[in-house]
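**Student:** Need coordinates for the below:
(2 chains)
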Amino acid sequence: MDAHTSSPARSVLEAPDIARVLTRIAHEIVERAKGADDVVLLGIPTRGVHLARRLAARLEEITDRAPGEVPVGSLDITMYRDDLRLRPARALARTEIPGDGIDGRLVVLVDDVLFSGRTIRAALDALGDIGRPRAVQLAVLVDRGHRELPIRADYVGKNLPTSLRETVKVQLTEEDGRDSVLLGLRETAPADGQ
Amino acid sequence: MKRHLISAADLSRDDAVLILDTAEELARLADRPIKKLPTLRGRTVVNLFFEDSTRTRISFEAAAKRLSADVINFSAKGSSVSKGESLKDTALTLEAMGADAVVIRHHSSGAPHRLATSGWIGGSVVNAGDGTHEHPTQALLDAFTMRRHLTSGTGQDLAGRRITIVGDILHSRVARSNVHLLATLGAEVTLVAPPTLVPFGVESWPCEVSYDLDAVVGKSDAVMMLRVQRERMNAAFFPTEREYARRYGLDGDRMARMPEHAIVMHPGPMNRGMEITAEVADSDRCTAVEQVTNGVSIRMAVLYLLLGGNESAVAAARTEESK
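**Tutor:** Sure, this is the predicted structure:
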């Protein structure tokens, strides 16, 4: 996720892998949620939102629903972060909750990389201020380990055992012009988790 | 490193757009069942008001509370200031209480700057109006309102928009802050006032000056009416109120000559019948009430950007004198 990787990054997932992995996750969601009728997908900006939209499209395909029928939104967690006072105040991203809200629904949080788990903790706090879902699940494209909180993902695209000296960077066509997951090395000591 | 918001002139275009964009996201909070964020939990914001104000004080109070900050309201009336305490001693008291930010309104121009640069307090200083000098958060909420009506919104500035500010420019800190901020955001500003109410040295401001409202009103994207500040007038600046209202007031006829999309703004409180008629004030095109709503979002954005991180996100707002 960090911008400055020193050595050339190695690609661990390419576009076809990402597509396959998302289709698998969509099937898993349908299976676990028994049809996924009350699923609301909430992506965590920036790349989680794109992944949530892609997942929604696949869910609609699998369950024979019209495009746009699976509610998708975004959940900005900036104001709920526990490391706000360690850095300058950040610009906010968009929070967009689908019209019918999240009360009584199955919310699936979607993010690109699961690392320390602090982002997800913040997302759970943010959700609590928005409504009361029936249940909350977590889908991530990559789980790189090194959890600092008791949090796990329900749907994982790829488990990627990493060292703290390594960086994981997800690129998506909507944001970066191409789909890939890159594993690199960082020069400096690891900072706090993203 | 200190971080303050003293003058709209200190803000760069990027700073100003960042504040407006942040306010745009925070405005969406109003639709939520819980209109509160935990961001400034444990921080203390002091509202230090040496001059009467309703909307600015409650607006800052609402903004700080929605960000979960603790708010202490301090008004000069009924406090030890009326017993003769100096600004310095008041500041030292607030510092001893651990204020993270001081929102100050003062009847003397320059009081917030003095507070920010004196070393009396360690927290952020936000100018909520000082004498006839500046009122930066008012200018920001005005720009926010204009941006919502006149552009496509987030990320945009006000490039090429024609803004007309009418009335008591001489005594108006709102006009001063607006001229600076709107020029920074690329708008073309025209001031309209009787010659007696145009401040000395206006040639150096980044704006045009006109004495004829009718000539300007037809090509304005927004017309901002200012209150005639009787409390600051100790001399006769115009012959009669009726003549002022006729030449510089906004009535239905003048409003009808404005372009279709143009809006009427007023920072409040309004003197109906003086600078604005009731017909205009109550029309759909008048954004006075919306400006109040937007004020809370803007002040939340300012407090978040100044206090939310370990250092201010608004780079230019830091004063260089701080050690």
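
**Student:** ok, the helix or strand harbouring residue A:108 near chain B or not?
**Tutor:** Using DSSP states H and E, residue A:108 falls within strand A:106-114. No: applying C-beta under 8 Å from any C-beta of the partner chain, one finds strand A:106-114 separated from chain B by no less than 15.2 Å. From N, CA and C alone the C-beta is placed, and that goes for glycine too.

**Student:** is it true that residue A:17 lies in a helix?
**Tutor:** Yes: using DSSP: H, G, I helix; E, B strand; the rest coil, the secondary structure at residue A:17 is a helix.

**Student:** what mean pLDDT would you report for the helix or strand just after the strand holding residue A:108?
**Tutor:** Beyond strand A:106-114 on the C-terminal side, the first helix or strand identified by DSSP H and E is helix A:118-130. For helix A:118-130, mean pLDDT is 95.

**Student:** Then stretch A:30-41?
**Tutor:** 90.

**Student:** With only the CA atoms kept, save that stretch in PDB.
**Tutor:** Output of stretch A:30-41 as PDB, limited to C-alpha atoms (Å, rounded to 0.1, in the frame of the first residue of the first chain):
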ATOM      1  CA  VAL A  30     -24.200 -16.100  -2.000                       C
ATOM      2  CA  GLU A  31     -23.600 -19.400  -0.300                       C
ATOM      3  CA  ARG A  32     -23.000 -18.000   3.200                       C
ATOM      4  CA  ALA A  33     -25.800 -15.500   3.000                       C
ATOM      5  CA  LYS A  34     -28.300 -18.000   1.400                       C
ATOM      6  CA  GLY A  35     -29.000 -16.000  -1.700                       C
ATOM      7  CA  ALA A  36     -27.600 -12.700  -0.600                       C
ATOM      8  CA  ASP A  37     -31.000 -11.000  -0.700                       C
ATOM      9  CA  ASP A  38     -30.300  -8.600   2.100                       C
ATOM     10  CA  VAL A  39     -26.600  -8.000   1.400                       C
ATOM     11  CA  VAL A  40     -25.300  -4.400   1.300                       C
ATOM     12  CA  LEU A  41     -21.800  -4.000   0.100                       C
END
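
**Student:** For that stretch, list every residue counted as buried.
**Tutor:** Within stretch A:30-41, the residues that count as buried by 16 or more other C-beta atoms under 10 Å in any protein chain shown are A:30, A:33, A:36, A:38, A:39, A:40, A:41.

**Student:** Check stretch B:196-211 too.
**Tutor:** B:197, B:198, B:199, B:205, B:207, B:209.

**Student:** who in chain A is up against chain B?
**Tutor:** So far as C-beta under 8 Å from any C-beta goes, chain A lies against chain B at A:76, A:79-80, A:84-95, A:125, A:129-131.

**Student:** pLDDT averaged over the strand or helix carrying residue B:293 - what is it?
**Tutor:** Assessed by DSSP H and E, residue B:293 sits inside helix B:288-307. Helix B:288-307 shows a mean pLDDT of 95.

**Student:** for stretch B:4-24, same thing?
**Tutor:** 95.

**Student:** what comes up buried for it?
**Tutor:** Using 16+ other C-beta under 10 Å as the test for burial, stretch B:4-24 gives B:4-11, B:15-24.

**Student:** contacting residues for residue B:139?
**Tutor:** Counting by C-beta atoms under 8 Å, 6 or more residues apart in numbering or on different chains, residue B:139 makes contact with B:8, B:174, B:177, B:178, B:180, B:181, B:182.

**Student:** contacting residues around the host helix or strand of the second one?
**Tutor:** Yep, that's residue B:174 we're talking about. Following DSSP H and E, one finds residue B:174 within helix B:173-184. Applying C-beta under 8 Å, 6+ apart, the contact partners of helix B:173-184 are B:7-9, B:11-13, B:16, B:109, B:129-136, B:138-140, B:142-143, B:158, B:163, B:165, B:167-169, B:189, B:191, B:205-207, B:224, B:226, B:267.

**Student:** what residue is smack in the middle of chain B?
**Tutor:** Central residue of chain B (C-alpha atoms, centre = their mean): residue B:138, 1.5 Å from the mean position.

**Student:** err, chain A, not the other one
**Tutor:** Of all residues in chain A, the one closest to the mean position by C-alpha atoms, centre = their mean is residue A:111, 0.6 Å from it.

**Student:** I appreciate the help and will end here.
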